[in-house]
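>>> I'd like to go over a predicted model; first the sequence, then the structure.
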Amino acid sequence: MVRTYQQYGFLSNIRANYFATRLDATMTLVFSGLILWVFWNLLNWGALNAVWSAENRDLCVGGGKGACWAVIDARWRLIMFGLYPYEEQWRSAIACIVMVGVGILSCVPWFWNAKRISVLWISGFLIFYVLMRGGFFGLTPVFEQNWGGLSLTIFIFASVSLIGMPLAIMFALLRRSELPWIARTMGLIIDIFRSLPLLAIMFTFAIVLPFVLPGWMIGDKLYRVIFGYALFFACYQAEILRGGIQALPAGQEEAAKALGMSYWHRIGYIVLPQAFRNALPPTINQFVITFKETSLVVVIGFFEILASGNAAFGTSEWSFAHVEVYFFVGLIYFIFVFALSRYGAHLERRLAVADR
Amino acid sequence: MKKILLAAAATFALMTGVANAADSRLNTALERGKLLCSGHNGSFLGFAEVDDKGNWKGMDIDLCRGLAASLFGSSEGNLEIVPISWAQRWPSLQSGDIDVVIKLSGWTQSRDTELNLAYSNPYFVGAFHVMAHAELEAKSVADLDGGSICVSAGTSTERILAAYLENNGIEAEIIVFEKGDEVKAAYFNQRCDGLILFSPPLAATKATAENPDAHVILPDVLALEPEAIIVPEGDPKWLDVQNWMLSSLWFAEINGITQANIDEVRANPPSSQIGKFLGVTPGYGERLGLSDDWAYNLIKEVGNYAEIFERNVSGPYGLPRAMNNLYTNGGVFYPLVVD
């Protein structure tokens, strides 16, 4: 398709697209006015009238028209690191950066083979764990219940995705097994997990399981919750993958069979790569939801970033400043989720090359 | 859902609990060398908060510190505050994740009986009050007749308000909001004439309002909730320690013993009873299975009840002592007899 209006200049473009009729012109003016008004107010509140420094807290109290970022200035370490011991918070910061770095590196195509990506993730997790938990190399031990803030959120998200994804592939394949009793049992398990609310699953894994499991199987509450969440993730993701697999023409697998390819070759080279491509948009969606729902661990007493934000304004000096704290935490969520979805869009464009 | 899970957890706890009934949590904590006490997931104003450096503070936290000092001489290195949510507190207590629940928890019949919990004497009496805009010049809730009152959804507060209005024939509109922040915002934006809350957060809301003088907390007590320390049922030794810790805080207050002057008083006890209380002469600790100077360590660590209250609740939030005073000042609290 040829876009003819590109031949005109900038101004005439605007006239043609936004001011063609009287109705268009009114709509353009009204909506741009509205947007400007919102932005102007936001700018006024968030920047021009804002109080930036913790020393100026008194300016925030009573009649302050702008945002009180002083609360962030005073409490940002609590928000970012939760209950992690103050003197050791540099460890939590580095661990966080390492994990984000691993996440970014695994988006680089050079790492996209089984060996490189697993080396990357295993070393990333090891560094994260050693830094956070301590007890090695002269680092003082910090137990999981004192982990908190952004590093806990990222840790939960990364572990859930990492455990959940292979499980999801396994579940999806079992669900499509040719032996009906395997396929049906798997289907039943998936449906049971999908019909339970995530909150109930977390609560059960954190609190009810220790009563029924033998002592050596209990482990730390954090890992039980991550495992429960990973199962939940895997059940949803397995259905997404199954959708991706079923969208493939049956002839492809049959042709691969006719060529004498083994089961694993068929799955690994023919079925899964295409299934993942088909399922990419809902998969990114699932990751985004998983990231956001990590905040539910607050019900079992973990100081992930939303809870530490709550603690940040939950004190006599700052209890008026909840909007600013929520805004700040929201911004952090936004950065992560937006990056994730932009990467997803990029991936889609890249993989779509084959279709053109 | 939550109810079912809790019941299930309690049943399991009952099965495991019976087996362990022989040894008291007191011995468990002493052997461990560390007290595991309840914290919060976030913050509860005045009772469990986190300071800039990630350290816990608040009235409930001070009681945890006091308990640790009573057991070990000092809370330093002997206390672990375990962050837990409201829903988690009973199962965590039963499973042994924590030794004791000091988490502003009301004494209700269902908890006392069905959940197999044992309550100490109350250490705080929380009342439900209504705050109104000062310009309305209301003197009591009855003056809000024909007006409106904001309340959070799904809490006992909603029931309490409805019952009070019905019993007293007050025709006020109840406006329900989902979240605590929303309720407050609605009240401050004049959506309603009154706001009902539990007294500590209500005092905090008033203290941090744009203009605290523009609001009055009406004197009517709509309902009362006694808050107590909670231990598992069937552990009398551990419960005794809780009761005597609280009693010691009031005993110190009524006898004018404070964190600052305790060393002087101990060096020169005004009566043999106080001498015994501070461990100058033996007896006060031994009967409980503690060291004889445990009450000295307790007061040295956190001060008496008045000091704890002032530091955490009335100082920062301006909540008056009122009913939480000693009986000598018109309150409901009193020390037990030290003999």
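Great, that's in hand. Residues are numbered from 1 along each chain as shown, chains lettered A, B, ... in the order given.
>>> in a strand, residue B:80, correct?
Yes: secondary structure assignment places residue B:80 in a strand (DSSP: H, G, I helix; E, B strand; the rest coil).
>>> residue A:105 against residue A:120, yeah?
Yes: between residue A:105 and residue A:120 a contact is recorded at 6.0 Å, counting by CB atoms under 8 Å. Backbone N, C-alpha and C define where each C-beta goes, glycine included.
>>> what do those two both touch?
With CB atoms under 8 Å, 6 or more residues apart in numbering or on different chains applied, the overlap between the contact sets of residue A:105 and residue A:120 consists of residue A:111.
>>> look up the pLDDT of the residue of the stretch 201-339 of chain B found nearest chain A for me, please.
The stretch 201-339 of chain B approaches chain A most closely through residue B:316 (3.6 Å), counting by CB to the nearest CB. Note for residue B:316: predicted pLDDT of 85.
>>> which stretch of helix or strand covers it?
Under the criterion of DSSP states H and E, residue B:316 resides in helix B:315-317.
>>> I'd like the distance from that helix to the chain centre, please.
Taking CA atoms, centre = their mean, to the nearest Å, one finds helix B:315-317 lying 16 Å from the centre of the chain it belongs to.
>>> list the buried ones in it?
By neighbour count on 16 or more other CB atoms under 10 Å in any protein chain shown, the buried set for helix B:315-317 is B:316-317.
>>> hmm, who's touching that helix?
Residues outside helix B:315-317 that contact it (CB under 8 Å, 6+ apart): A:316, B:45-46, B:200, B:203-204, B:207.
>>> just give the closest residue to whichever residue of chain B sits closest to chain A, not the sequence neighbours.
Distances from chain B to chain A, computed as CB to the nearest CB, single out residue B:43 as the nearest residue at 2.4 Å. Residue nearest to residue B:43 in three dimensions, not counting chain neighbours: residue A:314, with 2.4 Å by CB to CB, 6 or more residues apart in numbering or on different chains.
>>> just residue A:174 next, same as before
Spatial nearest neighbour of residue A:174, chain neighbours left out: residue A:186 (4.3 Å); criterion: CB to CB, 6+ apart.
>>> show me the contacts for residue 24.
Looking at chain A here, since you left the chain open. Taking CB under 8 Å, 6+ apart as the definition, contacts of residue A:24 comprise residue A:18.
>>> sorry, I should have been clearer: chain B.
Going by CB under 8 Å, 6+ apart, residue B:24 touches B:235, B:237-238.
>>> residue B:51 is in contact with the residue of chain B closest to chain A, correct?
No: counting by CB under 8 Å, residue B:51 is not a contact partner of residue B:43; they are 10.5 Å apart.
>>> overlap in contacts of these two?
By the contact definition CB under 8 Å, 6+ apart, residue B:43 and residue B:51 are jointly contacted by residue A:315.
>>> neighbour count for those two, which is higher?
Using other CB atoms under 10 Å in any protein chain shown, the more surrounded residue of residue B:43 and residue B:51 is residue B:43, with 25 against 15.
>>> okay, the closest residue to residue A:44 other than its chain neighbours: pLDDT?
Taking CB to CB, 6+ apart as the measure, residue A:44 lies nearest to residue A:66, with 6.9 Å between them; neighbours along the chain are not counted. What the model reports as pLDDT for residue A:66 is 77.
>>> against residue B:178, how distant is residue A:66?
Separation of residue A:66 from residue B:178 (CB to CB, to the nearest Å): 27 Å.
>>> which one's more surrounded, the two?
residue A:66 (17 against 10).
>>> does residue A:75 touch residue A:319 like I think?
No: when contacts are counted by CB under 8 Å, residue A:75 is not listed as touching residue A:319 (11.8 Å).
>>> any shared contact partners between those two?
Residues touching both residue A:75 and residue A:319 (CB under 8 Å, 6+ apart) are residue A:313.
>>> looking at the two, which one has more neighbours?
In terms of neighbours (other CB under 10 Å), residue A:75 is the more surrounded of residue A:75 and residue A:319; the figures are 26 against 21.
>>> spatially nearest residue to that one (excluding sequence neighbours)?
Nearest one to residue A:75, counting by CB to CB, 6+ apart, is residue A:312 at 4.0 Å.
>>> what strand or helix carries the one you found?
Secondary structure assignment for residue A:312, by DSSP H and E: helix A:305-313.
>>> next, the buried residues of that helix.
With burial defined by 16+ other CB under 10 Å, the residues of helix A:305-313 counted as buried are A:305-313.
>>> and what of stretch B:25-43?
Neighbour counts over stretch B:25-43 (16+ other CB under 10 Å) mark B:25-26, B:28-29, B:34-43 as buried.
>>> closest one of the residues you listed to residue B:326?
Taking CB to CB as the measure, residue B:326 lies nearest residue B:37 of the buried residues of stretch B:25-43, at 25.3 Å.
>>> secondary structure element for the closest one?
strand B:35-38.
>>> distance from the chain centre to that strand, please.
Distance of strand B:35-38 from the chain centroid (CA atoms, centre = their mean) equals 15 Å.
>>> spell out the secondary structure type for residue B:335.
Per three-state DSSP, the secondary structure class of residue B:335 is coil.
>>> quick check: residues of the stretch 101-250 of chain A near chain B?
Applying the criterion CB under 8 Å from any CB of the partner chain, the portion of the stretch 101-250 of chain A that neighbours chain B consists of A:145, A:197, A:199-200, A:203-204, A:206-208, A:210-212, A:221.
>>> so where do the helices sit in the stretch 151-300 of chain A?
Chain-ordered helices for the stretch 151-300 of chain A, with DSSP state H, counting those that start in this stretch as the definition, fall at A:180-195, A:198-203, A:209-212, A:215-218, A:221-246, A:250-258, A:263-265, A:272-278, A:280-293.
>>> out of the ones you listed, which is the most enclosed?
Taking mean count of other CB atoms under 10 Å in any protein chain shown as the contact definition, the stretch among the helices of the stretch 151-300 of chain A with the greatest mean neighbour count is helix A:221-246, which reaches a mean of 22.
>>> distance between it and the chain's centre?
14 Å.
>>> what's the answer for stretch B:287-296, then?
Here the centre of mass of C-alpha atoms in stretch B:287-296, compared against the chain's by CA atoms, centre = their mean, lies 23 Å away.
>>> quick one: buried residues of it?
Buried positions in stretch B:287-296, judged by neighbour count with 16+ other CB under 10 Å: B:288-296.
>>> nearest residue to the middle of the chain?
Looking at chain A here, since you left the chain open. Centroid-nearest residue in chain A: residue A:291, 2.7 Å away (criterion: CA atoms, centre = their mean).
>>> my bad, chain B
For chain B, the residue nearest the mean C-alpha position is residue B:104 (3.8 Å; CA atoms, centre = their mean).
>>> hang on, that residue packs against residue B:124?
Yes: taking CB under 8 Å as the contact criterion, residue B:104 and residue B:124 are neighbours in contact, 6.9 Å apart.
>>> overlap in contacts, these two.
Common neighbours of residue B:104 and residue B:124 are listed as residue B:227 (criterion: CB under 8 Å, 6+ apart).
>>> could you give the mean pLDDT of stretch B:63-71?
Confidence over stretch B:63-71, taken as the mean pLDDT, stands at 94.
>>> sorry, that was for stretch B:280-297
Stretch B:280-297 shows a mean pLDDT of 90 in the predicted model.
>>> can you check stretch A:221-228 too?
Taken as a whole, stretch A:221-228 carries a mean pLDDT of 89.
>>> CA atoms only: put that stretch into PDB for me.
Output for stretch A:221-228, consisting of C-alpha atoms alone and laid out as PDB, is shown next (Å, rounded to 0.1, in the frame of the first residue of the first chain):
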ATOM      1  CA  LYS A 221       8.600 -20.900  53.300                       C
ATOM      2  CA  LEU A 222       9.900 -18.800  50.400                       C
ATOM      3  CA  TYR A 223      10.800 -21.800  48.300                       C
ATOM      4  CA  ARG A 224       7.500 -23.600  49.000                       C
ATOM      5  CA  VAL A 225       5.700 -20.500  47.800                       C
ATOM      6  CA  ILE A 226       7.800 -20.200  44.700                       C
ATOM      7  CA  PHE A 227       7.200 -23.900  43.900                       C
ATOM      8  CA  GLY A 228       3.400 -23.500  44.400                       C
END
